[in-house]
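1. Got a predicted structure plus its sequence, pasted below:
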Amino acid sequence: MRSTFLSLFAVSAAFAQTPDQRFERLMRDILIVDTHIDTPWHMVDEAYSLGEEHKYYEADIPRLRKGHAGAIFFGVAVQPQDFPPQLWIPRALELIDVVHQQASQFSKDIELARTSADIERIRKAGKIAVLLSLEGGHIIQDSIAVLRDYYRLGIRYMTLAHFRTNNWADSGTDAAVHNGLSNYGKDIVREMNRLGMMVDISHVSDKTFFDALAVTKSPVIASHSDVRAVTGIPRNMTDDMLKALTRNGGAIFINFNAPYVNLKANEVFAPNRDKRDKEIADMMALNQGNPRRWEMKRAIQQRYRSLLPPVDIKDVLRHIDHAVKVAGADHVGIGSDYDGISGMAPAGLEDVSKYPAIVRGLIGMGYSDGDIRKVMGLNLMRIMRANEERAEK
């Protein structure tokens, strides 16, 4: 009887906590996992150091510490519209290498992880776990052997297609050629399952998404996507797709990109994107030896960012909340796309130091501590473990 009374008292005390008290308690041990950050290309091109706190771009170790990050996935992105095919693999290897090098250089703060158990071990050691992902199936150049090599180098998920349709998977932002996944694309999904590499369906066409779910035997992720019911653009996911993710056991990880989370922002961004990219390309071509060219590039990006209407953290929380209502709290997480969104982070989520603001926001929206923990990191851990357990040893 006494133990029952004490248990009820403990529950009542938890409910009696103020939002600030709940926040402080959660932040003492919450695992925060961001499934998509694109910093490696800055590390290669600009000698960007993770060890220094910067006033530009969105991720470095000091700000990750401020944001209580537990684990992050660095994207190895070789955009097919920016690099010729013969440079896809060399560029990817450079990006992978620079993450390995900086993990070694800053080993007191970060460590490369390959498994969910590694994440837990690294976190207990007081460090941030760094993982690798491959953004775009074109980067394997149609070779399952190369896919296996990437896995050996630490790649733990692959986005099936990027901005362009590749030789076996249709992109959501390009012409459909395969009516989803080709037969070879389905073989690639099966091999990813065999390896224990998570299948990522961000960027892909709706048909590619459903084809991947029909083939996979492991839970999939949408590593950095938003929901179409809130922002109706092809890059985002429909409610039917969210429900399918629930049945699969996978999850959507919400992207912070302002034009993806706010329709008015997208209506300004979409007509100007090609113009912005051409202006950047022309400037870079004229300034190949100019050490200030990256600063000049950022200035162009910020000028176009200034055209957008106000977008803030509430827009991101709206996408999280809708996804939770449709798919359930077990099937939603965060995949910011920091350093891949051309400086278009919403107000209140300017960089990786701002993850705690999402925790505060979810508390304010009435989310339980358990659901907040799932959204902020535990859902990724569950999915990663499931992929590991179903891999062929």
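-> Looks like it came in fine.

2. was I right about T35 contacting N379?
-> No - if you go by CB atoms under 8 Å, T35 and N379 don't touch, sitting 9.7 Å apart. Any C-beta I mention is one placed from the backbone N, CA and C, and that applies to glycine too.

3. Name the residues contacting each of those two.
-> Residues touching both T35 and N379 (CB atoms under 8 Å, 6 or more residues apart in numbering) are G333.

4. For these two, indicate the residue with more neighbours.
-> T35 (33 against 28; other CB atoms under 10 Å).

5. Could you identify the longest helix within this structure?
-> For the chain, the helix with the greatest residue count under DSSP state H is helix 263-286.

6. residue ranges of the helices in the stretch 251-393 of the chain, please?
-> Secondary structure of the stretch 251-393 of the chain (DSSP state H, counting those that start in this stretch): helices at 258-261, 263-286, 293-305, 313-327, 355-364, 369-373, 379-390.

7. and of those helices, who's closest to S104?
-> The minimum distance between S104 and the helices of the stretch 251-393 of the chain falls on helix 379-390, with 23.2 Å, by CB to CB.

8. what sits up against the closest one?
-> Against helix 379-390 from outside (CB under 8 Å, 6+ apart): 31, 33, 35, 71, 115-116, 119, 156, 193, 196-198, 217-219, 221, 249-251, 253, 330-333.

9. swap in stretch 256-270?
-> Against stretch 256-270 from outside (CB under 8 Å, 6+ apart): 225-226, 230-233, 235-236, 254-255, 304-305, 307-309, 311, 315-316, 318-319, 334, 336-338, 341, 344-346, 349.

10. What's the end-to-end length of that stretch?
-> With CA to CA, to the nearest Å as the measure, stretch 256-270 spans 16 Å from end to end.

11. Which positions in that stretch come out as buried?
-> Neighbour-count burial for stretch 256-270, counted by 16 or more other CB atoms under 10 Å, picks out 256-262, 265-266, 269.

12. quick revisit: report the mean confidence score over the longest helix of the chain.
-> Averaged across helix 263-286, pLDDT comes to 97.

13. Nearest residue to A103 in space, ignoring adjacent ones along the chain?
-> L112 (4.6 Å; CB to CB, 6 or more residues apart in numbering).

14. and the gap between that neighbour and D118?
-> 8 Å (CB to CB, to the nearest Å).

15. what sits in contact with each of the two?
-> In contact with both L112 and D118: A129, using CB under 8 Å, 6+ apart.

16. So for these two, which sits in the more crowded spot?
-> Using other CB under 10 Å as the criterion, L112 and D118 rank with L112 on top: 19 against 15.
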